[in-house]
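S.K.: Please work out how this folds:
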Amino acid sequence: MNINTTLRILFATMLFASCTVAKVAVPDAFSSQAEELRVKGLQGFTFNQSLNFGPYITGEMKRGWDMSSKWQASQISFRPQDQLLRFFNIQTDNLRQTEKNKFQFAIRDGKLMADVFAFETFTERGKVYKSNSIFGEVSQTNYQHYDFSAAIVPYNYSHGQPWKLVMQSEYDRRKDTARNLLDLPYASTAYYATDGKDSITIHPLYIKNVTTGGGKSTKLLGPPMLSGYELRIEDGVIAVVDILQPTVWMYKELDEPTKLVTAAIGAAILLKRKQEVHNE
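M.R.: The predicted structure follows:
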């Protein structure tokens with residue numbers, strides 16, 4: 001198991017065991033001008049899955065087959081550091097794995113409708129250290145590439161060209177600037193949506209504090225936790241997507257077609273398989 005994964009599981013267990021509440025931080029200036037739309041339909045079985053929040057309803061979710069592959073083989077190396085590991089009876093394997101999945105759905109608000117076609121891929125390369133100690137196997141990630149893309153196609157209204165949603169990130173251990181155990185790993189990212197004319201930038205939001213059952217704010221153990229995403233047009237926030245307590249906050253003054261596109265982006269983000277890729 002990856003050391004980072006072990007820590008995240010431990011922190012999450014302590015978080016929920018202590019009856020604390022973690023949620024995205026929504027700016028006060030924005031929340032006073034936004035609608036809070038709680039998302040229903042994410043829990044339970046994914047068969048015949050459908051989401052609804054505020055006036056927005058998705059059609060039945062159609063998912064393709066989830067495809068994954070994993071390759072692990074003993075590393076052949078004569079480097080001094082690897083020879084030293086063998087002296088202590090620690091074996092090293094190379095690890096490669098890939099994942100792919102796709103899904104599609106329609107979203108409507110009673111008047112307008114759009115189709116969404118999404119595709120998600122994940123690639124990872126690393127090493128696995130095996131020993132007879134209590135740790136068993138410990139993995140080290142050397143490279144990760146994540147790509148989530150979706151086409152949002154207007155169905156019964158005209159609002160320019162179809163929108164393309166892109167969420168890409170790449171992690172390279174050789175370029176990682178994180179030095180402390182609780183630092184977030186550095187990854188290059190590109191998160192945005194565009195129709196070729198207008199663009200929406202997407203910014204991950206992290207939290208460092210949680211609220212206890214008694215209403216007291218306390219610092220989160222471990223590195224900051226991904227809590228959601230902020231959507232912006234130029235310098236203005238138009239929406240916040242909370243992935244911890246599934247909610248879409250949407251700016252009230254948006255026109256209806258832009259609201260539908262924003263709702264489609266929020267639904268696609270909530271439905272994708274992976275969220276905090278580099279800490280899973």
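S.K.: Quick check: which ranges of the chain have low pLDDT?
M.R.: Within the chain, the segments meeting pLDDT under 70 span 1-23, 44-46, 72-91, 129-137, 157-160, 179-183, 210-217, 220-221, 278-280.
S.K.: where along the chain do the helices fall?
M.R.: 3-17, 28-31, 80-87, 256-271 (DSSP state H).
S.K.: what sits up against the longest one?
M.R.: Just to be clear, that refers to helix 256-271. 39, 42, 51, 53-54, 56, 58, 61, 103, 105, 107-109, 111-114, 116, 118, 150, 152, 154, 157, 159, 163, 165, 167, 193, 200, 202, 229, 231, 238-239, 241, 243, 246, 248, 250, 254 (C-beta atoms under 8 Å, 6 or more residues apart in numbering). Quick note: C-beta positions are derived from backbone N, CA and C, even for glycine.
S.K.: Out of the residues you listed, name the ones that lie in strands.
M.R.: The strands, defined by DSSP state E, take in 53, 56, 58, 103, 105, 107-108, 113-114, 116, 118, 150, 152, 154, 163, 165, 167, 193, 200, 202, 229, 231, 238-239, 241, 248, 250 from those.
S.K.: hmm, back to that, can I have the buried ones of the contacts of helix 256-271 as a PyMOL selection?
M.R.: A single PyMOL command is used to select the members of the contacts of helix 256-271 judged buried by 16 or more other C-beta atoms under 10 Å:
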select buried, resi 39+51+53+56+58+61+103+105+107+108+109+112+113+114+116+118+150+152+154+159+163+165+167+193+200+202+229+231+238+239+241+243+246+248+250+254
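S.K.: and Ala193, what is it in contact with?
M.R.: Ala193 makes contact with Ile152, Trp163, Lys164, Leu165, Val166, Ser199, Ile200, Ile202, Leu231, Val261, Ile265, according to C-beta under 8 Å, 6+ apart.
S.K.: Let me have those residues in TSV, extended by distance to Val277.
M.R.: Output for the contacts of Ala193, formatted as TSV (distance: C-beta to C-beta, whole Å):
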residue	distance to Val277
Ile152	22
Trp163	23
Lys164	20
Leu165	16
Val166	14
Ser199	23
Ile200	21
Ile202	14
Leu231	19
Val261	24
Ile265	18
